[in-house]
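**Student:** Just a sequence and a predicted model for now, questions to come.
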Amino acid sequence: MMLLRGPRPWRPRRPPTPGTPGRAGRRPPTPQVLYMKLCGNLKYYQSRLYSAVVPPDEVTVNYRHGLPLITLTLPSRKERCQFVVKPILSTVGSFLQDLQNEDKGIKTAAVFTTDGSEIAGSTLMEILLMNDFKLVINEITYDVQCPKKEKLSSGHATEMENMKSLVHRLFTALHLEEFQKKREHYLLEKIDHLKGQLQPLEEMKDKIEARSEAKTSGFLLAGLALLSVQGGALAWLTWWVYSWDIMEPVTYFITFANSMVFFAYFLVTRQDYTYSAIKSRQFLHFFHKKSKQQHFDVVQYNKLKEDLAKAKKSLNQVRRSLYLPTQVEELNEKN
């Protein structure tokens, strides 16, 4: 009969000495502890350790959901404020205006390039954010570093351009009617203004035209009277004083002299000797002569008439796109 032995009591074992071999073999080497002593200012190492923390007076640019996010400290309230920028629609001027609206303590604000050239307010924010720039607020300069955006592939870039073009066409289609109505109102005001300027000139022009027409008619009647006197004198000399044999060479030379006068008229005026051309030329001569006497500005009058004609033509084009042709005719009759 065998008896089972109970559990042995636990005894601590000594590690074997180097001189006495044991079952444990060689003891493992004592682990070495390495340590580093920090010398100098502790804050320096803390700032190096926590370098991801943004200084309170720094202007940063980040992208969130594809839109630039500019973060800066407002000078009056000493608070960090974020401004979401729409690159395609916002400009530098609108961004600076938003800064001044947010903090009334901002008296002056401007944007400069890294080499010190000022950027115009009409510049798009999309162009500004392509490179680093300097933001000057109340004579304090902040160096702003813009993160470089990843270059899009050719296919993605083409797709983005098509999307921008589609958005532009949709915007134009949705706001075209409103724009055309504003254009119609502007053209109506311009036409009324031109008519107001032309009214006194038209009255003066009508008076000058009436007097010039009267003088031209008198000139033509004087020419008819001269020809009548010439014909009567030739008839009196032919039948009462001399005979036809004597007057025939005289009439021949008179006709030849008239031909020379007509040719000289063509050389001077470069126009055919016709009664309508003579009348028009003589009317213009009297009109310009009388205009100088009455201080009537012909150049200004012609320019106003051209501007009025262009404005009416533009108004008709706008109305054709807004209304039906019948409605356009009714509007023209009312105006």
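**Tutor:** All right, it came through fine.
**Student:** model confidence over stretch 191-201, on average?
**Tutor:** Per-residue pLDDT over stretch 191-201 has a mean of 89.
**Student:** Ignore what I typed, I meant stretch 208-217.
**Tutor:** Stretch 208-217 shows an average pLDDT of 86 in the prediction.
**Student:** in that stretch, what counts as buried?
**Tutor:** Residues 208, 212, 215-216 are the ones in stretch 208-217 that count as buried (16 or more other C-beta atoms under 10 Å). Placement of C-beta: from N, CA and C, glycine included.
**Student:** Phe283: which of those residues is nearest?
**Tutor:** Within these, the smallest distance to Phe283 is 4.5 Å, found for Thr216 (C-beta to C-beta).
**Student:** Next, the contact list for the closest one, please.
**Tutor:** 279, 282-283, 286 (C-beta atoms under 8 Å, 6 or more residues apart in numbering).
**Student:** Secondary structure element holding it?
**Tutor:** In this assignment (DSSP states H and E), Thr216 forms part of helix 154-236.
**Student:** Help me confirm that Cys146 is found in a helix?
**Tutor:** No: under DSSP: H, G, I helix; E, B strand; the rest coil, Cys146 sits outside any helix and is assigned coil.
**Student:** wait, isn't it in contact with Asn131?
**Tutor:** Yes: counting by C-beta atoms under 8 Å, a contact exists between Cys146 and Asn131, whose distance comes to 6.5 Å.
**Student:** The two: who's more crowded?
**Tutor:** In this view Cys146 and Asn131 are compared by other C-beta atoms under 10 Å, and Cys146 has more residues nearby, 16 against 12.
**Student:** what residues are up against that one?
**Tutor:** Shown here is Cys146, whose contacts under the criterion C-beta under 8 Å, 6+ apart are 61, 129-133.
**Student:** ok, Ile140 - how many residues close by?
**Tutor:** The criterion is other C-beta under 10 Å. On that basis, Ile140 has 10 neighbouring residues.
**Student:** buried stuff in stretch 67-84?
**Tutor:** Judged by neighbour count (16+ other C-beta under 10 Å), stretch 67-84 contains these buried residues: 68, 70, 72-75.
**Student:** In TSV, list those along with distance to Glu102.
**Tutor:** TSV is the format used below for the buried residues of stretch 67-84 (distance: C-beta to C-beta, whole Å):
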residue	distance to Glu102
Pro68	17
Ile70	12
Leu72	10
Thr73	12
Leu74	7
Pro75	11
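**Student:** Now intersect the residues you listed with the strands, please.
**Tutor:** When the buried residues of stretch 67-84 are checked against strands using DSSP state E, the ones located there are 68, 70, 72-73.
**Student:** for the residues you listed, which one is nearest Gly93?
**Tutor:** Nearest to Gly93, judged by C-beta to C-beta, of these is Ile70 at 15.0 Å.
**Student:** Closest one of the ones in strands among the buried residues of stretch 67-84 to Ala235?
**Tutor:** Set against Ala235, the nearest of those by C-beta to C-beta is Pro68 (101.3 Å).
**Student:** Can you name the residues bridging to the closest one?
**Tutor:** Beta-bridge partners for Pro68, by DSSP bridges, are Tyr63.
**Student:** Touching, it and Met130? I think so.
**Tutor:** No: Pro68 is not in contact with Met130 according to C-beta under 8 Å; the separation is 11.0 Å.
**Student:** C-alpha coordinates for the host helix or strand of Val111, PDB please?
**Tutor:** Using DSSP H and E, the element containing Val111 is strand 109-113. Taking only C-alpha atoms (Å, rounded to 0.1, in the frame of the first residue of the first chain), the coordinates of strand 109-113 have been written out as PDB:
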ATOM      1  CA  ALA A 109      -6.300  95.700 -42.900                       C
ATOM      2  CA  ALA A 110      -4.400  94.900 -46.000                       C
ATOM      3  CA  VAL A 111      -2.800  91.900 -47.800                       C
ATOM      4  CA  PHE A 112       0.700  92.000 -49.300                       C
ATOM      5  CA  THR A 113       2.800  89.500 -51.100                       C
END
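**Student:** Right, I'll leave it there.
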